[in-house]
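> build me a model:
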Amino acid sequence: MSYVEEHGEANLIGAGPAMLADVVAGRRFREIAEPTADGSWTIRDEVLFPAVSDCFPHRLLLANSDRMRTLSQPVPMPTWPDVHRLIVQLTTTGVDVDRSAGAVARLLAAMDREGLLEPVSDPAVDLDHADVTFLGHNTVVVRSATAAVIVDPWVRPACGHYPENYQPLQLRDLGRIDAVVLTHSHPDHFDTGTLLQLPCDTRIVVPKLERETFLSVRMYERLHELGFDDITELEWWDSVQVKDIEVTALPFHGEQPTDGSQLHPDIRNAGNTYFVRTPRCSAAFLADSGRDAGGDVRQVAARARRDLGSPDYLFVGYRGWLMYPVQLLTSSVGRYLPFVPQESWGVRQRLMTTADEAVDIAEIWKAPHLVPYADGGAPWYWQMGLGPRLDEAASENPAFDPFPERVIAAAATRTKTGYGVHRSTVNVLLMRPGDSIVSGGPQPRIERMQDFAWPYGEATAEVADAAYLG
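This next block holds a predicted model:
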């Protein structure tokens, strides 16, 4: 960061290959990698496969809604299930709990001392009639008449910095959740603070992973440590049934160290994308997927269309994450850098799907409705540096966090010829956190929660093109 502040990011990109060569030649890099005869390197096994026993949950961080008071409390390994059950009670019913158990008693006493035992509010609204509810970023709930499945749950606390009538939804607002579906282990998808608010017997579906690696947490093992006891590892193209909802795991390509070849290609950001079908509708969730040396999400869409049919609603990330390898150092995935071969140091990488590619995928899959997601979407995200700012002071970084309206614009302008501009047949649904899809009738209806309305105005494709994309 100091180099960027002194010379600018453009200079950082130009100087990137030489800077990375200096890093690789340094003593610190030799502590994690062995040089090879061809001038490359091999990352040491103890780095590729960290000892699970050396890394386990040992501390719980709690904060009140405005983060003016915090508590960091040690939790001995065997007591996590008890602490887990306590958190569920405190965040759902708020009833009195047994204060006699050792770890629970100490935690409650500390919370009481720091003023962190707050009353539980009533649910915001009844959402049982909705087919799909979007909470923001990657978090979506799919419902049938008898079940509810939540994808990548990550809820944020209320805060006085947000508009009074537009605060983050909480898990208790969603009613009963029958199963959780997790795409991959990055912290904005695998958020243990949110998961600990769900009962220990909640069913959780995770990607199949035989062994924890430097790039992927084995969520199956970590969830058991926290007290969950109904966890299913699902391989690509396999399915599970949650009452009358069918969940099928699809391949996760992209969001790897490069969009092409990489060192140690067997060490991946392991993940699943998903096709979720209910008796009322179907939806697919592609999260941060894109393309890499092993495959392309567009190929996944083509096969899924043949094997599973077209989803009614296709949720696609649209960030692109267009970056040169040296920029990884200032990102949330800096650990990717040792996997980038030297010949790629001066080559821009596309780690996720762009807005135009999101429309491509919907067309390949023949999905009638496309929902851009997986990039924030509300002040509780952009105030922590995630996603574009969408209020009256709207701002974006198009290469990393573009406006969701860019997907509307991409669908509206697919090609330009002498006969004019041609748009896609795909309908882009712009959903704000708290919005629900209610199916039925010729077109789905986007329903806004009463007293929880998007406070920042709306943008049609034309307004987006003029005001946002100008």
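> so, low pLDDT: which residues of the chain?
1-5, 9, 65-68, 94-101, 459-470 (pLDDT under 70).
> biggest helix in it by residues?
Identified as the longest helix of the chain according to DSSP state H is helix 9-25.
> packing partners for that helix?
Packed against helix 9-25, as judged by 3 or more CB pairs under 8 Å, 6 or more residues apart in numbering; DSSP states H and E, are the following elements: helix 2-7. C-betas here are computed from N, CA, C, even on glycine.
> show me where the stretch 351-470 of the chain has helices.
Per DSSP state H, counting those that start in this stretch, the stretch 351-470 of the chain carries helices over the ranges 355-365, 379-382, 405-412, 461-463.
> quick revisit: got the CA positions of the longest helix of the chain in PDB?
C-alpha atoms of helix 9-25 as PDB (Å, rounded to 0.1, in the frame of the first residue of the first chain):
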ATOM      1  CA  GLU A   9      -1.500   1.900  -8.800                       C
ATOM      2  CA  ALA A  10      -0.600   2.200 -12.500                       C
ATOM      3  CA  ASN A  11       3.100   2.200 -11.600                       C
ATOM      4  CA  LEU A  12       2.400  -0.700  -9.300                       C
ATOM      5  CA  ILE A  13       1.100  -2.800 -12.100                       C
ATOM      6  CA  GLY A  14       4.000  -1.900 -14.400                       C
ATOM      7  CA  ALA A  15       6.500  -2.700 -11.700                       C
ATOM      8  CA  GLY A  16       4.700  -5.700 -10.600                       C
ATOM      9  CA  PRO A  17       6.700  -8.500 -12.300                       C
ATOM     10  CA  ALA A  18      10.000  -7.100 -11.000                       C
ATOM     11  CA  MET A  19       8.600  -6.600  -7.500                       C
ATOM     12  CA  LEU A  20       7.300 -10.200  -7.400                       C
ATOM     13  CA  ALA A  21      10.700 -11.500  -8.600                       C
ATOM     14  CA  ASP A  22      12.300  -9.700  -5.600                       C
ATOM     15  CA  VAL A  23       9.700 -11.400  -3.300                       C
ATOM     16  CA  VAL A  24      10.400 -14.800  -4.700                       C
ATOM     17  CA  ALA A  25      14.100 -14.300  -4.400                       C
END
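> report the distance from it to the chain centre.
What separates the centre of helix 9-25 from the centre of its chain is 30 Å, taken as CA atoms, centre = their mean, to the nearest Å.
> do stretch 403-416 as well
Remark: stretch 403-416 is offset 23 Å from the chain centroid, using CA atoms, centre = their mean.
> between the two ends of that stretch, how far is it?
22 Å (CA to CA, to the nearest Å).
> give the buried residues for that stretch.
Residues 403-412, 414 are the ones in stretch 403-416 that count as buried (16 or more other CB atoms under 10 Å).
> also stretch 266-282?
Along stretch 266-282, these residues count as buried under the neighbour rule (16+ other CB under 10 Å): 267-278, 280-282.
> ok, stretch 28-47 next?
Buried, per 16+ other CB under 10 Å, within stretch 28-47: 29, 33, 41, 43.
> show me the contacts for the closest residue to Leu329 other than its chain neighbours.
Nearest non-adjacent residue to Leu329, counting by CB to CB, 6 or more residues apart in numbering: Leu337, 6.6 Å away. Going by CB atoms under 8 Å, 6 or more residues apart in numbering, Leu337 touches 20, 257, 325, 328-329.
> most neighbours, which of the residues you listed?
In terms of neighbours by other CB atoms under 10 Å, these top out with Pro257 at 28 neighbours.
> roughly how far apart are that one and Trp321?
12 Å (CB to CB, to the nearest Å).
> next, Asn272: phi, psi?
phi -130, psi 150 (degrees, to the nearest 10).
> ok, it - contacts?
The contact partners of Asn272, by CB under 8 Å, 6+ apart, come to 183-184, 206-207, 234, 236, 249-252.
> do the same with Pro433
Pro433 sits next to 134-136, 168-169, 377-378 when contact means CB under 8 Å, 6+ apart.
> how about it: what's its closest non-neighbour residue?
That would be Gly136: by CB to CB, 6+ apart, it lies 3.4 Å from Pro433.
> ok, that neighbour - contacts?
168, 376-378, 380-381, 433-434.
> neighbour-wise, which of those leads?
Top of the contacts of Gly136 by neighbour number is Gly377, holding 28 neighbours under the definition other CB under 10 Å.
> any idea how far that one lies from Ala453?
15 Å.
> do the same with Val316
Following CB to CB, the distance that separates Val316 from Ala453 is 25 Å.
> go on, Arg319?
Computed as CB to CB, the Arg319 to Ala453 distance reads 26 Å.
> which one's more surrounded, the two?
Neighbours were counted for Arg319 and for Ala453 using other CB under 10 Å; Arg319 has more, 26 against 14.
> can you tell me the element that one falls in?
Using DSSP states H and E, Arg319 falls within no helix or strand.
> got the contact list for it?
288, 352-354, 374-375, 400-402.
> could I get those in a markdown table, plus columns for neighbour count?
A markdown table is the format used below for the contacts of Arg319 (neighbours: other CB atoms under 10 Å):
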| residue | neighbour count |
| --- | --- |
| Asp288 | 24 |
| Met352 | 26 |
| Thr353 | 31 |
| Thr354 | 22 |
| Ala374 | 30 |
| Asp375 | 26 |
| Phe400 | 18 |
| Asp401 | 21 |
| Pro402 | 24 |
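> the contacts of Leu337 in helices, which ones?
Filtering these for helices - DSSP H - leaves Leu20.
> and the contacts of Leu337, which is closest to His224?
Pro257 (28.5 Å; CB to CB).
> for Val181, see how far away the residue nearest the centre of the chain is.
Residue closest to the average C-alpha location in the chain (CA atoms, centre = their mean): His189, at 3.9 Å. Per CB to CB, His189 is found 10 Å from Val181.
> okay, and the common contacts of those two?
Shared contacts of His189 and Val181, defined by CB under 8 Å, 6+ apart, comprise Asp152.
> so the residue nearest to Ser331 when sequence neighbours are not counted bridges to which residues?
Among residues not flanking Ser331 along the chain, Met323 sits closest, at 7.2 Å (CB to CB, 6+ apart). Met323 forms beta bridges with Gln349, as assigned by DSSP bridges.
> tell me who's in contact with Met323.
331, 348-349, 351, 399-400.
> could you dump these into a markdown table and include distance to Glu447?
Formatted as a markdown table, those follow (distance: CB to CB, whole Å):
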| residue | distance to Glu447 |
| --- | --- |
| Ser331 | 36 |
| Arg348 | 41 |
| Gln349 | 39 |
| Leu351 | 34 |
| Ala399 | 33 |
| Phe400 | 31 |
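> biggest separation within those, which pair?
Ser331 and Arg348 (13.8 Å).
> ok so, going back, which one among the contacts of Arg319 gets closest to Pro74?
Nearest to Pro74 among the contacts of Arg319, counting by CB to CB, is Asp288 at 33.0 Å.
> secondary structure class for the nearest residue to that closest one once chain neighbours are set aside?
Nearest residue to Asp288, sequence neighbours excluded (CB to CB, 6+ apart): Glu255, at 4.3 Å. Per DSSP: H, G, I helix; E, B strand; the rest coil, the secondary structure class of Glu255 is coil.
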